[in-house]
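# generate a structure from the sequence data that follows.
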Amino acid sequence: MTLTDPQESAADAPTDVATLRRSVAAGAVGVFVHWFDWAAYAYLAGTVATVFFPADDSTTGLLAVFGVFAVSFGVRPIGALVFGPLGDKIGRKRTLSLVIFMMSGATLAIGLLPGYDSIGIAAPILLVVLRLIQGFAAGGEFGSAASFLAESAPRRRRGFGVSWLEVGSLLGFLAGSFVFLLLSSGLDEAQLTSWGWRIPFLIAAPLGIIGVVIRNKIEDTPEYRALEENDTVPRSPARELLRTHKRQLLQAAGLMTAMHVPFYAVLTYLVTYETDHLGHSADSAALLSTVISLLGLVLVPLFGALSDRVGRKPVFIGATAALLVVSTPAFWLMRTGMAGTWIGGLALGAILAAILGTYAVWSAEVFPTRTRQSGLSISYNVTAALFAGTVPYLMTLLISATGSTLVPGPYLMVFAVGGLVAAVSLKETAGSALLHPEDVRESTSAQESTSVQEESAA
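Residues are numbered from 1 along each chain as shown. Have a look, this model is predicted:
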């Protein structure tokens, strides 16, 4: 059987732009909803603590809210283990619709949930359950969306197409921050605690409905349909991944860790760093964070497009090498004053944008179609659980232990080296076919598994 890329014959078709737009909308809407919810919950943490936990100790309530936040991160690998293989077995379209339905439904339920004063201990218990559902569903979002976008985008514009996944993330984060700003400036504390905090969570419901409608109207990807036509849809994609693609799994994990750590360091921890260690006001810190996010909205798709022209390897290696060189000087600059803080922060933001523009598409191209969603889901969510959520805690702990506010620089350098090692070990994949040989010829491991099952049945 001849190995061909279903996208190749349509690479120059005039409908490519329209197809790319529909694919981007379907792929990015879920991450937008997820990060909108993430930002709303993070910014409203103090109010949520007041509503859902006893008022005796505000600090304990706030810690409990952040504990619930951490638990939702911890459950994501479980969601990845479920939705990753499921998407490789039943298709990208179905898991895309399922995860956004679960995420937006749980978010809506939080917006309607009675507080501690109304139902007592049931309130925090239900909050935990709903956050667990959100985290479980979020564990399937990235792998589904990245696989779908990579397999839907035209071959020569794949980097550009997949980069919009991260544009959706940044837009969701900014939208959540903006809604919080409107609420905090337009409502007093009593109104915010009484009903205002519910608004962002209720907004997620129509966003989720729009996402479900968009995703239900799309077709599954050409590559997945090719698996169905060739009768090579995997029976046990997770098992096949771990048996035959451990190297690719580790390489993708290296790329993703080099993204997770600077992402959370620059877009979330930097605000705390400025206020706690540099003495800047919360307003000025939030302004810099917003500008860095806006810079990312412009640069991420540009770097994705650049990787289509010059390759994933030069862009990603250049970005991680820059992170290795610039990280410590950037944090040194931040200690020199407000101008230095902006120069250092924007430099790190530009480097992060280059990483965001390339890591997802390169990771997607590493895996064969048979196990692509499993590989992306597991590598992304396991590294997120291990390294993303721990960034603020570990940086705070290291600064306290060493007494040096330069610690975040060397910390970022460690993960830049990890990203460089992974990138150097990978082949260039820009413009490559997403169907690998095993996608049109059932893999040896799968055949062996099937033979064992048939012998057992006999």
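
# ok, Gly206 - how many residues close by?
One correction, residue 206 is Pro, not Gly. By the measure other C-beta atoms under 10 Å, the count of residues near Pro206 is 11. For every residue, glycine as well, the C-beta is placed using N, CA and C.

# tell me the pLDDT of it.
We have a pLDDT of 85 for Pro206.

# so which helix or strand takes in it?
helix 198-217 (DSSP states H and E).

# what's the next secondary structure element after that helix?
By DSSP H and E, the next helix or strand past helix 198-217 is helix 222-230.

# which strands or helices does that next one pack on?
helix 122-152, helix 437-440 (3 or more C-beta pairs under 8 Å, 6 or more residues apart in numbering; DSSP states H and E).

# quick one: contacts of the shortest one?
Translated: helix 437-440. 1, 3, 223, 226-227, 230, 232, 244, 368-370 (C-beta atoms under 8 Å, 6 or more residues apart in numbering).

# can you list the low-confidence ranges for the stretch 301-450 of the chain?
Across the stretch 301-450 of the chain, residues meeting the criterion (pLDDT under 70) sit at 442-450.

# contacting residues for Leu165?
27-28, 31, 142, 145-146, 149, 360.

# can you redo those as JSON lines with neighbour count and distance to Met395?
JSON lines is the format used below for the contacts of Leu165 (neighbours: other C-beta atoms under 10 Å; distance: C-beta to C-beta, whole Å):
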{"residue": "Gly27", "neighbour count": "29", "distance to Met395": "32"}
{"residue": "Ala28", "neighbour count": "25", "distance to Met395": "29"}
{"residue": "Val31", "neighbour count": "26", "distance to Met395": "25"}
{"residue": "Phe142", "neighbour count": "29", "distance to Met395": "24"}
{"residue": "Ala145", "neighbour count": "30", "distance to Met395": "29"}
{"residue": "Ala146", "neighbour count": "26", "distance to Met395": "28"}
{"residue": "Leu149", "neighbour count": "27", "distance to Met395": "32"}
{"residue": "Ala360", "neighbour count": "29", "distance to Met395": "25"}
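
# any idea how far stretch 164-172 is from the chain center?
9 Å (C-alpha atoms, centre = their mean, to the nearest Å).

# keeping just the C-alphas, turn it into PDB.
Presented in PDB, the C-alpha positions along stretch 164-172 are these (Å, rounded to 0.1, in the frame of the first residue of the first chain):
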ATOM      1  CA  TRP A 164      -3.200  29.400  17.100                       C
ATOM      2  CA  LEU A 165      -3.800  26.900  19.900                       C
ATOM      3  CA  GLU A 166      -1.600  29.100  22.100                       C
ATOM      4  CA  VAL A 167      -3.200  32.200  20.800                       C
ATOM      5  CA  GLY A 168      -6.400  30.800  22.100                       C
ATOM      6  CA  SER A 169      -4.700  30.200  25.500                       C
ATOM      7  CA  LEU A 170      -3.400  33.800  25.700                       C
ATOM      8  CA  LEU A 171      -6.800  35.200  24.600                       C
ATOM      9  CA  GLY A 172      -8.600  33.200  27.200                       C
END
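
# and the residue nearest in space to the middle of the chain, how far from Leu324?
Most central in the chain under C-alpha atoms, centre = their mean is Phe142, positioned 5.6 Å from the mean C-alpha point. Using C-beta to C-beta, to the nearest Å, Phe142 is found at 25 Å from Leu324.

# so Gly27 sits against Gly143, correct?
No. Look at Gly27 against Gly143 with C-beta atoms under 8 Å: they stay out of range, at 11.4 Å.

# so what's the gap between whichever strand or helix holds Ala322 and the chain middle?
Using DSSP H and E, Ala322 sits within helix 312-334. Relative to its chain's centre, helix 312-334 lies at 21 Å (C-alpha atoms, centre = their mean).
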